[in-house]
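# Please find the sequence and the predicted model below.
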Amino acid sequence: MPKIFISYRRADSAMLSQLLETKLKSFDIESYVDTRNIDGGGPFPNRLRRAIEERDIFVCLLGATTFDSEWVSKEIEHAHTLGKVLIPVFQERYSAPNPIPDDHVYALLQSDGVHFLDIRNLYIDAAIASLAELIRNTSARIEVGVNAIAAYSDIAHLTETDQ
């Protein structure tokens, strides 16, 4: 089962984050959505850091003011630094920042994503299905890579013990 972290700014995306969490369950996708009513201020919480580390894929909901959130920026930075797969979800009111704030945001914006509630995707259920397919395909590629690394490690270990 793919495990994802959903990053969002409450002002733009609180309802969508909850809808995605609920709907993605039907696709056997486990979502972590932070529902505490704090949107920045103070040190970046370890619970969010750990939640990102424990998930396979980082999904970021991009609304009109997403990049105004210090915590969303820290979540993006942490996920990118860890090498997590980044999936942007572009909402109807999103517009690209100019200039792009940093390399982490740039990496997010260069990733394959899904558009919600705009001219390219009028139906929310179809957009959610597209997102679920992207997550499942990405998760399958991650699993293949992990299995290949494990097999290589096993072969290397056997070779060392034979010598």
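That came through, no problem.
# only C-alpha atoms for contact and neighbour calcs from this point on.
Will do.
# Please enumerate the strands of the protein.
In the chain, the strands defined using DSSP state E lie at 3-7, 30-33, 57-62, 85-90, 114-115.
# Can you lay out these as JSON lines showing mean neighbour count, distance to K23 and mean pLDDT?
Supplementary listing: the strands of the chain in JSON lines, determined by neighbours: other C-alpha atoms under 10 Å; distance: least, C-alpha to C-alpha, whole Å; pLDDT from 0 to 100:
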{"stretch": "strand 3-7", "mean neighbour count": "24", "distance to K23": "13", "mean pLDDT": "97"}
{"stretch": "strand 30-33", "mean neighbour count": "20", "distance to K23": "10", "mean pLDDT": "96"}
{"stretch": "strand 57-62", "mean neighbour count": "25", "distance to K23": "15", "mean pLDDT": "97"}
{"stretch": "strand 85-90", "mean neighbour count": "23", "distance to K23": "15", "mean pLDDT": "96"}
{"stretch": "strand 114-115", "mean neighbour count": "20", "distance to K23": "15", "mean pLDDT": "90"}
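# Can you convert the ones you listed into CSV and add a column each for distance to L16?
Shown next, in CSV, are the strands of the chain (distance: least, C-alpha to C-alpha, whole Å):
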stretch, distance to L16
strand 3-7, 10
strand 30-33, 11
strand 57-62, 8
strand 85-90, 10
strand 114-115, 12
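# Which one of those lies nearest to S13?
S13 lies closest, by C-alpha to C-alpha, to one member of the strands of the chain: strand 57-62, at 6.7 Å.
# export that closest one as CSV, just CAs?
Only the C-alpha atoms of strand 57-62 are listed here, as CSV (Å, rounded to 0.1, in the frame of the first residue of the first chain):
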residue,chain,number,x,y,z
ILE,A,57,5.7,9.9,-1.6
PHE,A,58,5.3,13.6,-0.9
VAL,A,59,2.2,15.3,-2.3
CYS,A,60,1.9,19.1,-2.1
LEU,A,61,-1.4,20.9,-2.7
LEU,A,62,-0.7,24.2,-4.4
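# That one - contacts with which helices or strands?
In this structure, strand 57-62 packs against strand 3-7, helix 10-25, strand 85-90, with contacts taken as 3 or more C-alpha pairs under 8 Å, 6 or more residues apart in numbering; DSSP states H and E.
# Figure out which of the strands of the chain is closest to A127.
strand 114-115 (6.9 Å).
# Identify all contacting residues around the closest one.
Residues from elsewhere that reach strand 114-115 (C-alpha atoms under 8 Å, 6 or more residues apart in numbering): I87, P88, V89, F90, Q91, E92, N121, A127, S130, L131.
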